[in-house]
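Student: no sequence on hand, only this structure:
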């Protein structure tokens with residue numbers, strides 16, 4: 001019983017100390033508006049979602065470091081040129097879904113108490129992809145996607161509203177080099193700090 005009480009006291013002390021030092025954690029969710037550039041894909045934006053967790057670490061009066069772990073679902077539509085480039089019937093792979101575990105490392109610059117601008121790198125790990133999109137038994141998409149993001153965030157007590165633009169830097173086409181595929185997305189969402 002003493003160890004439970006002691007553990008609880010240490011935990012409460014840690015939370016109080018962390019909060020006083022400018023450390024918080026929370027959850028977030030929102031919508032993705034996605035586009036994959038390249039001749040193989042439709043030039044239209046499609047919709048998906050994201051959900052995950054974040055931490056905020058105060059680095060001074062104006063700066064905060066915000067690491068996150070986010071599940072992203074990306075929905076894509078192929079264009080008519082997909083079948084011409086890869087000799088795969090684009091009708092069988094017209095609606096693709098990719099699932100990424102994204103790990104952004106964001107630097108927040110506070111312009112005021114409640115408004116900040118954000119920028120930083122993001123690495124995405126492909127968790128799942130459309131299983132019909134195969135050529136010679138190989139997966140069509142690379143397992144990693146390196147991106148940069150920029151955006152803004154508004155804080156209201158424990159709530160956060162944010163908008164970001166994410167641009168992929170590397171080619172995620174794992175079939176060949178006939179077409180360069182790069183992710184682009186706009187993320188809009190809400191967050192809630194729980195500590």
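Tutor: Okay, I see it. As the structure is a computational prediction, the values presented were derived from the model and not from experiment.
Student: so where is this protein shaky, pLDDT-wise?
Tutor: Within the chain, the stretches falling below the threshold (pLDDT under 70) are 1-21, 38-43, 76-95, 128-142, 171-179.
Student: again, only using 90
Tutor: Filtered on pLDDT under 90, the chain yields the residue ranges 1-22, 34-48, 73-100, 124-147, 157, 167-184, 195.
Student: surely residue 159 touches residue 192?
Tutor: Yes. Under the criterion of C-beta atoms under 8 Å, residue 159 makes contact with residue 192 at 5.9 Å. Using the backbone N, CA and C atoms, a C-beta is placed for each residue, glycine as well.
Student: show me what contacts residue 151?
Tutor: Residue 151 is in contact with 117, 118, 119, 162, 163, 164, 165, 187, counting by C-beta atoms under 8 Å, 6 or more residues apart in numbering.
Student: please enumerate the helices of this structure.
Tutor: Applying DSSP state H to the chain gives helices spanning 2-20, 81-86.
Student: which residue is the nearest non-sequential neighbour of residue 32?
Tutor: Excluding its sequence neighbours, the residue lying closest to residue 32 (C-beta to C-beta, 6 or more residues apart in numbering) is residue 48, at 4.0 Å.
Student: for residue 143, see how far away residue 74 is.
Tutor: 14 Å (C-beta to C-beta, to the nearest Å).
Student: can you spell out which residues form a bridge with the residue lying closest to residue 143 once chain neighbours are set aside?
Tutor: Distances taken as C-beta to C-beta, 6+ apart put residue 126 closest to residue 143, at 4.8 Å, once the chain neighbours are dropped. Beta-bridge partners of residue 126, counted by DSSP bridges, are residue 100.
Student: pretty sure residue 126 is touching residue 145, no?
Tutor: Yes. The criterion here is C-beta under 8 Å, and residue 126 meets it with residue 145 at 7.1 Å.
Student: which one's more surrounded, these two?
Tutor: Taking other C-beta atoms under 10 Å, residue 126 and residue 145 do not tie; residue 145 has more neighbours (25 against 18).
Student: mind listing what the residue nearest to the more buried one when sequence neighbours are not counted touches?
Tutor: Spatial nearest neighbour of residue 145, chain neighbours left out: residue 124 (4.0 Å); criterion: C-beta to C-beta, 6+ apart. Going by C-beta under 8 Å, 6+ apart, residue 124 touches 72, 100, 101, 102, 103, 144, 145, 146, 147, 183.
Student: just the buried residues of the residues you listed.
Tutor: 72, 100, 102, 145, 147, 183 (16 or more other C-beta atoms under 10 Å).
Student: the first one reaches residue 50, doesn't it?
Tutor: Yes. With contacts defined as C-beta under 8 Å, residue 72 counts as touching residue 50 at a distance of 4.6 Å.
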